[in-house]
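Novice: What follows is a predicted protein model with its sequence.
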Number of protein chains: 2
Amino acid sequence: MRVTAETKTATRERIIQVAAKLFIKDGWESTTTRSIAAAAGIAAGTLFNYFDSKEAVVAELISEALAEAGHEVEKRTGESLEEELYTFIWAELSALRKYRKFLAQAAESILSPLRRHSDESAGESIRTTHLEAVERILLKHRIERPAAVTMQLYWTLYLGVFAHWATDHSPKQEDTMALLDQTLNLFITALPRTLPSKRSRKS
Amino acid sequence: MRVTAETKTATRERIIQVAAKLFIKDGWESTTTRSIAAAAGIAAGTLFNYFDSKEAVVAELISEALAEAGHEVEKRTGESLEEELYTFIWAELSALRKYRKFLAQAAESILSPLRRHSDESAGESIRTTHLEAVERILLKHRIERPAAVTMQLYWTLYLGVFAHWATDHSPKQEDTMALLDQTLNLFITALPRTLPSKRSRKS
DNA sequence: CCATTTATATGAGTGCGCTCATTTAATCAT
DNA sequence: ATGATTAAATGAGCGCACTCATATAAATGG
């Protein structure tokens, strides 16, 4: 069976769309790959011709939402470093708002800091794309290319904010806004101080 | 069928011991609950009379290791706040060293910041126990009872260190030592500054 | 002692994500 | 047109964590 490239991309998009609907309606765990396939009008196994895993589906969903949000924000100018980072992150979270409820469950395994960088996990590109954008913002504000450990620290802090956002019960997630504010403040304070030299402690 | 309380605790301990062996030998994913049950000399279903889930088994394993390490360290005195936190955390990590390889896989779902605090997950007691110990250390150094958001920030940072440790390839995890040093430095810097009042930003 | 109650052990069963041998259909060579 | 080739679709099947009706044996009461 052969199928035109158009049909393929159409099917792929259809999977993502129905998956989004189902995830929003039924949650992450209750939505099975079988039900996604059925709703997309394909066989159960066919889903895995398009995505490596259930997680890869939601990772694609996230990536698409973030890509849109990212483009708009990066054009802005004339803000302080903290303002710019804040705007960028908040724009991303806003873009993900409709997925918020099930992301708390889904993202756990996708964005976990415990995933090895080396393996080709579904969320790896989300992480690198985000970090690249942050690096670009830092460079724009004359912060010299941050050390790997700095970005690692950033990602850790970001995950904390993300986790709080995903489970934030305050009406418009204003608790998260406050946390993000504090977190960025802390990160920026840390910026000049991180890793000037490899000075190990206690022997 | 009834069994004495002794038999029950013996079985429970046996499960933990054989599970530890298998996890170390075969890793987290390759060790099945069936294989643990078989090695412990019980039926597959019986395992779940003793533990809610596969994750609960490893959570118990971690808790036991941490309990031993925690007791020894908390007696110490005369160190700076940073020193004391460093010693405490490093003692914990040392106690977990034998489990390090499979913890990178296992802990992902257990310690994830994305788990809701409210639900009764396997790793919840690990988190609260650790945070209580840290709070005790802070109090000992005249830091007034830290705000919830401060401890949240601490846990986020701690998870970053833990994640790095779990996948640290340097011979004696000295990379982690350096990261821990920097992380604690950052946390302590942040201490007086976190949440003086509920000042929300941007409306 | 036997009957009843009760706490535990049991393993077949369930639904899941995912795989893979096979089928199907579009394309290409003649 | 027709057969050969190829890429994608298929769904039965696998191994997993976990459940639950049932079996079993210890404790208890007469």
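Specialist: Arrived safely.

Novice: Quick check: next helix or strand after the helix or strand hosting A:Ile126?
Specialist: Applying DSSP states H and E as the criterion places A:Ile126 in helix A:124-140. Downstream of helix A:124-140, the first helix or strand assigned by DSSP H and E is helix A:148-166.

Novice: what is the orientation angle of that next one with helix B:148-166?
Specialist: Helix A:148-166 and helix B:148-166 are oriented at 130 degrees to each other (axes from the mean of the first three to the mean of the last three Cα atoms, to 10 degrees).

Novice: does any bit of helix A:148-166 sit next to chain B?
Specialist: Yes - residues of helix A:148-166 contacting chain B under Cβ under 8 Å from any Cβ of the partner chain: A:149, A:152-153, A:155-157, A:159-160, A:162-164, A:166. All C-beta atoms are positioned from the backbone trio N, CA, C, and that covers glycine.

Novice: same thing with stretch A:54-66?
Specialist: No - interface with chain B: stretch A:54-66 contributes nothing (Cβ under 8 Å from any Cβ), its closest point being 12.2 Å away.

Novice: Quickly check: that stretch near DNA strand D or not.
Specialist: No - Stretch A:54-66 stays out of contact with DNA strand D when judged by Cβ under 7 Å from any atom of the strand, the minimum separation being 12.2 Å.

Novice: model confidence over the helix or strand containing A:Leu66, on average?
Specialist: When elements are assigned from DSSP H and E, A:Leu66 belongs to helix A:54-74. Helix A:54-74 shows a mean pLDDT of 90.

Novice: do the same with stretch A:149-168
Specialist: What stretch A:149-168 shows for mean pLDDT is 92.

Novice: Just the CA trace of that stretch, in CSV.
Specialist: Output of stretch A:149-168 as CSV, limited to C-alpha atoms (Å, rounded to 0.1, in the frame of the first residue of the first chain):
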residue,chain,number,x,y,z
VAL,A,149,26.0,23.9,34.1
THR,A,150,24.2,27.2,34.0
MET,A,151,21.7,26.1,31.5
GLN,A,152,21.3,22.9,33.5
LEU,A,153,20.5,25.0,36.5
TYR,A,154,18.1,27.0,34.4
TRP,A,155,16.3,23.9,33.1
THR,A,156,15.9,22.6,36.7
LEU,A,157,14.4,25.9,37.8
TYR,A,158,12.2,26.0,34.8
LEU,A,159,10.8,22.6,35.5
GLY,A,160,10.0,23.7,38.9
VAL,A,161,8.0,26.6,37.5
PHE,A,162,6.4,24.4,34.9
ALA,A,163,5.4,21.8,37.5
HIS,A,164,3.8,24.4,39.7
TRP,A,165,2.0,25.9,36.7
ALA,A,166,0.6,22.6,35.7
THR,A,167,-0.9,22.0,39.0
ASP,A,168,-1.7,25.6,40.0
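
Novice: Now do the helix holding A:Leu66 against helix A:124-140, angle only.
Specialist: Note on geometry: by the same axes, to 10 degrees, helix A:54-74 and helix A:124-140 are set 20 degrees apart in direction.

Novice: Can you mark which positions in the helix or strand bottoming out on mean pLDDT in chain A are buried?
Specialist: Across the helices and strands of chain A, the lowest-confidence element by mean pLDDT, DSSP states H and E is helix A:100-111, at a mean of 84. By neighbour count with 16 or more other Cβ atoms under 10 Å in any protein chain shown, helix A:100-111 contains the buried residues A:102-111.

Novice: C-terminal to the helix holding A:Leu66, what's the next element?
Specialist: Following helix A:54-74 in sequence order, the next helix or strand is helix A:81-95 (DSSP H and E).

Novice: Alpha carbons of that next one, as PDB, please.
Specialist: Provided in PDB are the C-alpha atoms of helix A:81-95 (Å, rounded to 0.1, in the frame of the first residue of the first chain):
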ATOM      1  CA  LEU A  81      16.700  40.600  30.600                       C
ATOM      2  CA  GLU A  82      14.300  39.500  33.300                       C
ATOM      3  CA  GLU A  83      11.400  41.000  31.600                       C
ATOM      4  CA  GLU A  84      12.200  39.300  28.400                       C
ATOM      5  CA  LEU A  85      12.700  35.900  29.900                       C
ATOM      6  CA  TYR A  86       9.500  36.400  31.800                       C
ATOM      7  CA  THR A  87       7.500  37.300  28.700                       C
ATOM      8  CA  PHE A  88       9.000  34.400  26.800                       C
ATOM      9  CA  ILE A  89       8.200  31.800  29.400                       C
ATOM     10  CA  TRP A  90       4.800  33.200  30.200                       C
ATOM     11  CA  ALA A  91       3.900  33.200  26.500                       C
ATOM     12  CA  GLU A  92       4.800  29.600  26.300                       C
ATOM     13  CA  LEU A  93       2.800  28.600  29.300                       C
ATOM     14  CA  SER A  94      -0.200  30.600  27.900                       C
ATOM     15  CA  ALA A  95       0.100  28.700  24.600                       C
END
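
Novice: tell me which residues of it are tucked away?
Specialist: Within helix A:81-95, the residues scored as buried using 16+ other Cβ under 10 Å are A:81, A:84-93, A:95.

Novice: And for stretch A:137-144?
Specialist: For stretch A:137-144, the buried set under the neighbour-count rule, 16+ other Cβ under 10 Å, comprises A:137-138.
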